[in-house]
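[1] Starting from these lines, generate the structure:
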Amino acid sequence: MMSDIKIIQEETLSDRKYPLKSYTFQRTGSKGQLLKKKNEVYFRPDAVTVLLVDSVNKKFLLTRQFRLPTYLNGSETGYLVEACAGLIDEGESPEETAHREVKEETGYPIRDLKKVASVYTSAGGITEFQRLYLATYDSNGEHSEGGGLEEEGEDIELVEISFDEARDTLQKGEFADAKTIMLLQHYFLNYQ
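    Alright, predicted model coming up:
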């Protein structure tokens with residue numbers, strides 16, 4: 001299918017950290033009609049998320065950290081339990097990012113990094129494209145402290161959770177992070 005999108009107007013609303021732009025555009029709809037729309041787009045870099053799995057001891061290693069947008073949208077505490085995640089730095093491969101972010105956030109080395117999916121996190125307004133991975137970690141193995149980078153203001157707690165508790169929490173709908181839910185569902189559908 002050929003793209004017939006015509007950008008009519010582009011306006012930069014903010015360029016502080018990442019660009020936020022407003023677009024007026026037109027395109028031909030599925031019934032041949034000309035559609036004109038306005039959209040705000042936040043140009044956030046692509047990212048990775050890694051679910052850490054210790055299949056020997058039947059555990060996952062997740063993180064818990066404060067997320068201002070969740071607090072502003074009604075979460076009482078603003079804390080979110082999620083799989084390890086981070087933005088891909090310029091010139092870095094997604095796999096290099098996965099290893100770097102896991103080390104920074106958890107302190108654990110990982111093995112057997114396996115890509116399971118790539119997804120747009122909120123395609124209606126954000127450009128971010130997420131690469132989702134599973135990786136093996138040894139819950140009894142040597143590791144550094146982790147906790148994130150102080151210079152980035154990170155304050156990350158580690159949450160080790162058994163397979164049974166994760167499955168129960170998932171079934172009760174108590175996880176609130178989409179990336180984590182997708183990775184846990186993938187794991188339980190394919191490996192359990």
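
[2] Can you show me the helices along the chain?
    Under the criterion DSSP state H, helices of the chain are mapped to 68-72, 94-106, 163-171, 178-191.

[3] Tell me which of the ones you listed approaches residue 155 most closely.
    helix 94-106 (10.8 Å; C-beta to C-beta). (Glycine included, C-beta is placed from N, CA and C.)

[4] Convert the C-alpha atoms of the closest one to PDB, please.
    Output of helix 94-106 as PDB, limited to C-alpha atoms (Å, rounded to 0.1, in the frame of the first residue of the first chain):
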ATOM      1  CA  PRO A  94      19.300  -3.000  21.300                       C
ATOM      2  CA  GLU A  95      21.200  -6.000  22.700                       C
ATOM      3  CA  GLU A  96      24.000  -3.700  24.000                       C
ATOM      4  CA  THR A  97      21.400  -1.600  25.700                       C
ATOM      5  CA  ALA A  98      19.700  -4.700  27.200                       C
ATOM      6  CA  HIS A  99      23.000  -5.700  28.900                       C
ATOM      7  CA  ARG A 100      23.900  -2.200  30.000                       C
ATOM      8  CA  GLU A 101      20.400  -1.400  31.500                       C
ATOM      9  CA  VAL A 102      20.200  -4.800  33.300                       C
ATOM     10  CA  LYS A 103      23.600  -4.200  34.800                       C
ATOM     11  CA  GLU A 104      22.800  -0.600  35.800                       C
ATOM     12  CA  GLU A 105      19.400  -1.300  37.300                       C
ATOM     13  CA  THR A 106      19.800  -4.700  38.800                       C
END
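
[5] If you count neighbours, what's buried in it?
    Applying a neighbour-count criterion of 16 or more other C-beta atoms under 10 Å, one finds 94, 97, 98, 99, 101, 102, 103, 104, 105, 106 buried in helix 94-106.

[6] on that earlier part again, please name whichever of the helices of the chain is nearest to residue 130.
    Closest among the helices of the chain, once you apply C-beta to C-beta, is helix 178-191, at 6.1 Å.

[7] Now the closest one: buried residues?
    So for helix 178-191, counting by 16+ other C-beta under 10 Å, buried means 179, 180, 182, 183, 184, 187.

[8] which ones are touching the first one?
    Applying C-beta atoms under 8 Å, 6 or more residues apart in numbering to residue 179 gives the contacts 49, 82, 83, 85, 119, 121, 130, 132.

[9] The third one: neighbour count?
    I take that to be residue 83. A count of nearby residues for residue 83, using other C-beta atoms under 10 Å, gives 27.

[10] can you give me the strands in the chain?
    6-14, 20-28, 34-42, 47-54, 59-66, 79-82, 84-87, 111-120, 129-136, 157-162 (DSSP state E).

[11] So, low pLDDT: which residues of the protein?
    1-2, 145-154 (pLDDT under 70).

[12] one step back: now render the strands of the chain as CSV, adding distance to residue 173 and mean neighbour count.
    Rendered in CSV, the data for the strands of the chain read as follows (distance: least, C-beta to C-beta, whole Å; neighbours: other C-beta atoms under 10 Å):
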stretch, distance to residue 173, mean neighbour count
strand 6-14, 34, 10
strand 20-28, 31, 15
strand 34-42, 27, 12
strand 47-54, 18, 24
strand 59-66, 16, 21
strand 79-82, 13, 18
strand 84-87, 21, 22
strand 111-120, 20, 13
strand 129-136, 20, 20
strand 157-162, 16, 15
